[in-house]
Every structure is written in structure tokens, then in C-alpha cells.
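K.L.:
Sequence first, then the predicted structure:
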Amino acid sequence: MIRDLLYADDCALLAHSEADAQHLGLFDRFYTAASRFGLTVSLKKTEVMLQPHNRSSFISPSITAGDVKLPVVDKFCYLGCILTSDAKADEDINSRIAKASAAFGRLRNRLWDDHGIRLDTKISVYVAVVLTIRLYGCETLTLYRHNIRKLDQFHMRSLRRIAHIHWKDKVPNTKVLEICNLTG
């Protein structure tokens with residue numbers, strides 16, 4: 001059974017119940033083992049999040065590290081992804097789109113608006129930079145129709161901007177993909 005996920009200097013401890021997390025010693029053991037090796041757990045950065053299977057019977061957990069009670073949160077950022085207590089992907093998708101949009105905007109003057117650069121070069125940069133940011137960690141997301149629609153809207157809006165196709169031109173998405181030499 002996987003109980004912990006270690007990444008460089010970050011760690012996520014997983015437990016099925018508050019008792020497993022605290023009383024059976026999962027967090028206590030980790031905290032003690034870290035101190036034995038001369039490592040310290042940053043209690044300012046340590047948070048507790050519960051993902052209850054039944055939201056109506058939700059009781060806030062009380063996990064401590066020594067005598068310090070750890071804060072309970074509804075969401076937190078872990079390795080660039082936003083995890084929420086309701087396990088929905090909406091906030092993570094919004095964050096990814098915002099980051100990709102910022103990268104897209106930074107390239108506007110030097111790349112997208114430069115008429116001396118070929119469209120296929122612009123599309124290659126878009127796929128390598130902007131889409132990579134937008135799709136980071138998407139393998140772990142459970143997407144619903146409205147999530148996919150939101151991601152597609154950003155994608156098509158970006159492609160139209162790169163190809164200088166205005167919404168007033170009433171060019172269908174299939175034609176935009178064809179112009180940009182993308183399959184979807």
C-alpha cells in the first residue's frame with residue numbers, strides 16, 4: 001500500500017483515516033525519522049487536507065506535530081498542481097489556463113504579432129511552450145465535459161490569435177485546426 005509520495009524535498013503522506021494519520025503513527029513516525037537523520041519538517045509549510053467520501057458528515061481532522069496543531073486546508077498546491085478536498089479539477093484547470101495564458105501573452109509582441117515569422121514556426125513554439133504549460137499534470141485529472149470545453153476554448157482562442165483569425169470572420173474550429181496544421 002502506498003503511504004507516502006516523496007519528491008525531492010517534498011512529501012505527501014496518505015492515510016485512510018485521522019487515526020491512521022496520527023495515532024497509528026504515520027505522521028509521528030515520519031516526523032521522528034526525519035529528525036533522526038538531522039532533517040527538519042517545516043511546520044509552517046505542512047498542511048492537512050481531508051477528502052471525505054461523505055461531505056455531510058465532515059469533521060475537521062486534528063493532526064499534530066509534537067505540540068503544534070497542523071492547519072487544515074481545503075486546497076493546496078503540490079508540485080505545481082492544485083489539489084482540492086472535493087477532488088475536482090476545476091481550480092487546477094483554471095490555474096493551468098492562467099499560467100499558459102501568461103506565457104502566451106509574454107510571447108505576443110516578439111512572436112505572435114511578428115508577420116516575418118512563419119505560421120508553422122509560431123505553432124511549433126505554441127505547442128512546445130504554451131500547450132506544455134496548459135497540459136502539465138493532466139494525466140492525473142478526471143475531466144468532465146465542462147472541463148474539456150474550457151480547455152478547448154483556450155486552445156482555439158490561442159490558435160485564432162496566432163493565425164490572426166478574428167471571431168467575426170466566422171471560421172469554424174475545424175478550419176482553424178486545418179490552417180494551423182493541427183489535428184485537434
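P.N.:
Ah, there it is.
K.L.:
any weak-confidence spans in this structure?
P.N.:
Applying pLDDT under 70 to the chain flags the ranges 1-8, 23-25, 55-58, 184.
K.L.:
how is it carved up into domains?
P.N.:
Domains of the chain are assigned by automatic domain parsing as 4-74, 88-179.
K.L.:
of all the ones you listed, which lies closest to residue 80?
P.N.:
domain 88-179 (6.3 Å; Cβ to Cβ). C-betas here are computed from N, CA, C, even on glycine.
K.L.:
What's the end-to-end length of the closest one?
P.N.:
End-to-end distance of domain 88-179: 34 Å, with Cα to Cα, to the nearest Å as the criterion.
K.L.:
got it, and stretch 44-60?
P.N.:
Using Cα to Cα, one end of stretch 44-60 lies 19 Å from the other.
K.L.:
so where do the helices sit in the protein?
P.N.:
18, 26-36, 90-106, 119-125, 132-135, 145-162, 173-179 (DSSP state H).
K.L.:
Among these, which comes closest to residue 71?
P.N.:
helix 26-36 (13.7 Å).
K.L.:
re the thing from before, buried deepest among the domains of the chain, which one?
P.N.:
Most buried of those, by mean neighbour count (mean count of other Cβ atoms under 10 Å): domain 88-179, with a mean of 14.
K.L.:
and the residue nearest the centre of the chain, how far is that from residue 174?
P.N.:
Compute the mean C-alpha point of the chain, and by Cα atoms, centre = their mean the closest residue is residue 81, 2.7 Å away. As judged by Cβ to Cβ, to the nearest Å, residue 81 and residue 174 stand 31 Å apart.
K.L.:
Same check on residue 52?
P.N.:
Counting by Cβ to Cβ - residue 52 and residue 174 are separated by 43 Å.
K.L.:
Also residue 92?
P.N.:
Shown here: residue 92 relative to residue 174, a distance of 28 Å by Cβ to Cβ.
K.L.:
Repeat that for residue 27.
P.N.:
In terms of Cβ to Cβ, residue 27 sits 53 Å off from residue 174.
K.L.:
out of everything not next to it in sequence, what's closest to residue 75?
P.N.:
Closest residue in space to residue 75, ignoring its immediate chain neighbours: residue 84 at 4.4 Å, by Cβ to Cβ, 6 or more residues apart in numbering.
K.L.:
next one: residue 156
P.N.:
Leaving out its chain neighbours, the residue that sits closest to residue 156 by Cβ to Cβ, 6+ apart is residue 173, at 5.3 Å.
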